[in-house]
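1. A predicted structure for the sequence below; I have some questions about it.
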Amino acid sequence: MNKSVRPLEKNDDSSIVSNNMEKKESVFKKIGIYFLKLIFAVIILWLLIRKTDFSSLELSRIQVPWLLLAAACLFLQIALTSVRWNDLLRAAGLHFTRMETLFLTMQGVFFTLFIPGGAVGGDLVKAGIVGKRAPDGQKFNGVFSILIDRICGMIGLFLGTLLCCIFFLPVILKFPVSVQMAV
């Protein structure tokens, strides 16, 4: 008798079948939860649209090319922010893909815009997700990278403002003194 071949035990077939059924149930559960979330989002949008008085909005004044340019600039800013944050995460020893950081950044922007009172609401959501996914010794580094990312963004804004003020100094000097003081 060949000793390398192990005889089948009674429980082998049933454990394989139960594992496959558990996987199918898990997939169906995930799909079900996804569709419940989708239905919930559609209901919220329907309620918002139903309560909006579109007659008071001046939708005819919207210029589509400018709207598309603004959307493209916003998406470019989000993409560049996610690249910067991904580099900071890698420097901290955490390895997220660029797509993962892009999705987390977009989620952060969403929660920052829609959570009441919060410029930091999206950062808290990102910190929670990064803290959950990071290994035990790296949780602080992952959460701290969000703060460093904010600081880098503010430094970039200050430098950009300074460069614009220097570049447009002749134009600024033509403004009244009260406007010059504000700049």
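-> Good, I have the coordinates.
2. pLDDT below threshold where in the chain?
-> Where the chain drops to pLDDT under 70, the residues are 1-21, 117-118, 183.
3. Show me it divided up by domain.
-> In terms of domains, the chain is parsed into 20-52, 64-182 (source: automatic domain parsing).
4. tell me the most buried of the ones you listed?
-> Of all the domains of the chain, domain 64-182 has the most neighbours on average by mean count of other Cβ atoms under 10 Å, namely a mean of 14. Using the backbone N, CA and C atoms, a C-beta is placed for each residue, glycine as well.
5. Centre of the chain to that domain, how far?
-> Taking Cα atoms, centre = their mean, to the nearest Å, one finds the center of domain 64-182 at 11 Å from the center of the full chain.
6. ends of that domain, how far apart?
-> Start-to-end span of domain 64-182 (Cα to Cα, to the nearest Å) is 32 Å.
7. cool, and stretch 169-179?
-> 13 Å.
8. for the helix or strand where Leu69 lies, packing partners?
-> Element membership of Leu69 [criterion: DSSP states H and E] is helix 64-91. Other elements packing on helix 64-91 under the criterion 3 or more Cβ pairs under 8 Å, 6 or more residues apart in numbering; DSSP states H and E are helix 98-114, helix 139-167.
9. okay if I get the ones you listed as CSV plus distance to Leu173?
-> What follows is those, written out as CSV (distance: least, Cβ to Cβ, whole Å):
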stretch, distance to Leu173
helix 98-114, 37
helix 139-167, 11
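10. Quick one: closest of the ones you listed to Ile31.
-> With Cβ to Cβ, the closest approach to Ile31 among these belongs to helix 98-114: 19.3 Å.
11. can you state the direction angle for that closest one and helix 139-167?
-> Compare the direction of helix 98-114 with that of helix 139-167 by axes from the mean of the first three to the mean of the last three Cα atoms, to 10 degrees and you get 70 degrees.
12. Send me helix 98-114 as CSV with only the CA atoms.
-> Written as CSV, here are the backbone C-alpha positions of helix 98-114 (Å, rounded to 0.1, in the frame of the first residue of the first chain):
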residue,chain,number,x,y,z
ARG,A,98,-2.4,54.0,-5.1
MET,A,99,-6.0,53.1,-5.8
GLU,A,100,-6.6,52.3,-2.1
THR,A,101,-5.3,55.7,-1.1
LEU,A,102,-7.3,57.4,-3.9
PHE,A,103,-10.5,55.8,-2.6
LEU,A,104,-9.7,56.6,1.0
THR,A,105,-9.0,60.2,0.0
MET,A,106,-12.2,60.4,-1.9
GLN,A,107,-14.1,59.0,1.1
GLY,A,108,-12.3,61.6,3.3
VAL,A,109,-13.4,64.4,1.0
PHE,A,110,-17.0,63.1,1.0
PHE,A,111,-17.2,62.9,4.8
THR,A,112,-15.5,66.3,5.2
LEU,A,113,-18.2,67.9,3.0
PHE,A,114,-21.2,66.0,4.4
